[in-house]
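Colleague: Pasting the sequence and the predicted coordinates here, then a few questions.
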Amino acid sequence: MSVSEPHPGCDDPSGPASSPSTEAPADAPATSGEPLGLYAQAFEHCHEAIAITDARRCIVAVNRAFTTLTGHAAAAVAGQALLDRVAPRRRPELDASLCTALALNGTWQGELPGRRDDGSDCPLWLSLTEVRDATGTPQHCIAILLDISERKANEARIHYLAHFDALTGLPNRVLLHQRLARATARARRAGWKVAVLFLDLDRFKTVNDSLGHDAGDQLLTEVAGRLRRSVREEDTVARLGGDEFVIVVERLQRDMDVALIADKVLRVVGAPLTIAGHELRVSTSIGISLFPEPSADADALIRNADTAMYHAKQAGRDNFQFFSEDMNARVLARLTIENGLRHALERGEFAIYYQPQVALADARLTGLEALLRWHAADGTVVPPDRFVPIAEESGLIVPIGEWALREACRQARRWRDAGLATVPVALNLSAVQFHRAEIATVLHDALWESGLEPRHIALEVTESTLMDADVAAATLEQLHELGVALAIDDFGTGYSNLGYLKRFPIDRLKIDRSFVRDIVTDPNDAAIVCAVIRLAHTLGLRVVAEGVETVEQLDFLRRQGCDEAQGYLFSPPLPEAAVTALLQDGGFGPQAR
Ligand SMILES: Nc1nc2c(ncn2[C@@H]2O[C@H](COP(=O)(O)O[C@H]3[C@@H](O)[C@H](n4cnc5c(=O)[nH]c(N)nc54)O[C@@H]3COP(=O)(O)O)[C@@H](O)[C@H]2O)c(=O)[nH]1
């Protein structure tokens, strides 16, 4: 047991200086059978650190556990103010609240930022109880100190897990919301702008699927580090989960500044990196929302940036887009279409219209282009320009395109059986369909099921579908071997490398209607159309001009030797019954009745 005389310098105004009360004779010998000795032994051997102070909270006695916990030897702390020894940083503010609590209740307890003798920190829980004499005058205080470092560490860990992403160490969604709310409050006061950049890595799934999840994790960690280094310390970089990150940029003066930051982020993320021995390049799509916007709270800012990110994906990935209400409305409209498309096939809402293609020499019918129409459940007719891109993106174009192919084959067979049409029905193949390995099988099955000869079918693919020339050549070859005709659609709007033309087994080039529209008034369009016609003929291909609407356009095309045309001048796309009637009349040419 350690006992000391009270220190004369302790200056608590709340009570007189005194030596330990005889009620607890701290210096009593520790003999068994003697109650005081027993108390002394209990004090000394108690596991909890205990200090007995005088009424001014200057140390009179401390037990062994106190010394173990704080590192302070009994003799060294005797007479010193308890708080000075165990929590010197908090003494001034604690003294006042302690005095009040002790005067009112005779007890105080709370957490202290404790400090050991060696200067190390040790969070403590202090329970202080006043001992008073018969008149109620404070004589001593008994202080019990608990080491709460483990509890504090657990609390810190729980706090960390609740606020940070375990993989990257970045703030998570919860902390992001808190920081963004604070950032907007600060910006409102200071008149700054705050930008929220919502990032989604492009084709991250491919890395996960091809190199494995460990590689995916490494990639995410690397990207997290790059993002962190791209912005200022005070800006927040958070990971929402998966491959989604959010950056909150504060203190912006101009909208343009965020564009510069977004541009930098695109470059930094896009720099090559090595993962699992593979050199990769990843890109990201970024959506941006800005505070202040009307009613833009933290939730809305993140939601809007997410919407804009989606728009960036649509715009070809590896770019950034700003949010606008208009964009939001468009996204909602898209969602409605996508949901409707999911049920359109089973509800029989699709129909195929057919647009005649004619020979310019004699207006003979040379083909029928099959064009999808969607009669949506709400009674509207949704044009393919609106639903085909969404169907492509969601993958729904595969079953829809397959249905169109089978239906067109069945219809062509009916016309043939009726002795009406022997011209090919031309179907548009989207890039997604084209790149599915089974497209040749699907076509083969559709032909076989309908009993239609392949020469009655033509397929149209756009230039951009053929960008990977090696893959495209192989697929086109398979389709060609089945015996169908092949055309390049919207020619002139996509891929500019013409070298592929001689490699592909194609029969026709279709000049995009954007060139045909002003052919009579715009010398540039006229020059392009003439060049395409010459190029096609040199390569032994036939040329079809799309979107022919006027006699002047027709005359021009005829003079230039264009082979075929398609457009409203001859006919818009027609429902099956109208085409049947047209075929019965012999089409537009000399054979027409
Ligand atoms: N993958 C698939 N894509 C398809 C399918 N069906 C259609 N589509 C594609 O949708 C785009 C729009 O088609 P649509 O609204 O049917 O427009 C076609 C014609 O109506 C239009 N056209 C024809 N003549 C004229 C004209 O004189 N003026 C004018 N302004 N427009 C005209 O052109 C469209 C045909 O274009 P193209 O396919 O390039 O020959 C369109 O891109 C379709 O390809 C499908 O089943 N699968």
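Modeller: Done, it's in.

Colleague: how about the residues of the stretch 351-500 of the chain near the ligand?
Modeller: Contact residues (Cβ under 6 Å from any ligand atom) of the stretch 351-500 of the chain with the ligand: 355, 369, 371-372, 383-385, 388, 401, 404, 428, 430, 489-490. All C-beta atoms are positioned from the backbone trio N, CA, C, and that covers glycine.

Colleague: Show me those that map onto helices.
Modeller: Residues of those located in helices (DSSP state H): 384-385, 388, 401, 404.

Colleague: Quick one: neighbours of the residue of the stretch 451-593 of the chain found nearest the ligand, just the number.
Modeller: Here the residue of the stretch 451-593 of the chain nearest the ligand is Gly567; by Cβ to the nearest ligand atom that distance is 3.3 Å. By other Cβ atoms under 10 Å, 21 other residues sit near Gly567.

Colleague: which regions of the stretch 301-450 of the chain sit below the pLDDT cut-off?
Modeller: The stretch 301-450 of the chain contains residues with pLDDT under 70 at 325-328, 330-332, 437.

Colleague: Please enumerate the helices of it.
Modeller: Counting by DSSP state H, counting those that start in this stretch, the stretch 301-450 of the chain has helices at residues 325-344, 384-394, 397-417, 431-435, 439-450.

Colleague: Format these as CSV; extra columns: mean neighbour count.
Modeller: Converted to CSV, those look like this (neighbours: other Cβ atoms under 10 Å):
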stretch, mean neighbour count
helix 325-344, 15
helix 384-394, 17
helix 397-417, 20
helix 431-435, 18
helix 439-450, 18
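
Colleague: Name all residues that make contact with the closest residue to the ligand within the stretch 101-250 of the chain.
Modeller: Per Cβ to the nearest ligand atom, Arg203 is where the stretch 101-250 of the chain lies closest to the ligand, at 22.4 Å. Contacts for Arg203 were tallied using Cβ atoms under 8 Å, 6 or more residues apart in numbering; they are 282, 317.

Colleague: Domain boundaries for this structure, per the record?
Modeller: Annotated domains of the chain cover 46-152, 163-323, 344-585 [the TED database].

Colleague: Near the ligand, which residues of the protein are found?
Modeller: 355, 369, 371-372, 383-385, 388, 401, 404, 428, 430, 489-490, 513, 546-549, 566-568, 573.

Colleague: Check what contacts stretch 304-318 and list those residues.
Modeller: Here stretch 304-318 has contacts from 196-200, 202-203, 246, 266, 270, 283-289, 293, 296, 319-323, 327-328, 330-331, 393, using Cβ under 8 Å, 6+ apart.

Colleague: and Ala578, how many neighbours does it have?
Modeller: Ala578: 14 neighbours (other Cβ under 10 Å).

Colleague: Low-confidence stretches in this structure?
Modeller: 1-34, 256, 294-295, 325-328, 330-332, 437, 494-497, 589-593.

Colleague: what secondary structure does Phe556 sit in?
Modeller: Here Phe556 is helix, with the state taken from DSSP: H, G, I helix; E, B strand; the rest coil.

Colleague: Relative to Glu546, how far out is it?
Modeller: 14 Å (Cβ to Cβ, to the nearest Å).

Colleague: give the contact list for the residue in the stretch 201-350 of the chain that the ligand sits nearest to.
Modeller: Using Cβ to the nearest ligand atom, the single residue of the stretch 201-350 of the chain nearest to the ligand is Phe350, 8.7 Å away. Residues in contact with Phe350 (Cβ under 8 Å, 6+ apart) are 344, 372-375, 400, 403-404.

Colleague: go on, Tyr500?
Modeller: So Tyr500 contacts 466, 469, 472-473 (Cβ under 8 Å, 6+ apart).

Colleague: cutoff 6 Å now
Modeller: Going by Cβ atoms under 6 Å, 6 or more residues apart in numbering, Tyr500 touches Ala469.

Colleague: Let me know the secondary structure of it.
Modeller: Per three-state DSSP, Tyr500 ends up helix.

Colleague: And it, how close does it get to Ala469?
Modeller: 5 Å.

Colleague: What segments of the stretch 51-200 of the chain are strands?
Modeller: With strands called from DSSP state E, counting those that start in this stretch, the stretch 51-200 of the chain shows them at 59-62, 107-115, 121-132, 138-147, 193-201.

Colleague: Each with direction, which strands does the longest one pair with?
Modeller: Going back to what we said before, that points to strand 121-132. strand 107-115 (antiparallel), strand 138-147 (antiparallel) (DSSP bridges).

Colleague: Surely Asp540 is in a helix?
Modeller: Rather than Asp, residue 540 is Gly. No: assigned with three-state DSSP, Gly540 falls outside any helix and is coil.

Colleague: roughly how far apart are it and Val461?
Modeller: From Gly540 across to Val461, the span is 19 Å (Cβ to Cβ).

Colleague: more crowded one of the two?
Modeller: Remark: of Gly540 and Val461, Val461 carries more neighbours, 25 against 8, as counted by other Cβ under 10 Å.

Colleague: I'd say that one and Leu429 touch.
Modeller: Yes: in terms of Cβ atoms under 6 Å, Val461 counts as a neighbour of Leu429; the distance is 5.1 Å.

Colleague: which residue sits closest to Gly242 in space, ignoring its chain neighbours?
Modeller: Excluding its sequence neighbours, the residue lying closest to Gly242 (Cβ to Cβ, 6 or more residues apart in numbering) is Phe204, at 7.5 Å.

Colleague: hang on, that neighbour packs against Glu244?
Modeller: No: Phe204 is not in contact with Glu244 according to Cβ under 6 Å; the separation is 9.5 Å.

Colleague: mind listing the helices in the stretch 51-200 of the chain by residue range?
Modeller: Using DSSP H, counting those that start in this stretch, helices in the stretch 51-200 of the chain cover 64-70, 74-77, 82-86, 91-105, 149-163, 173-190.
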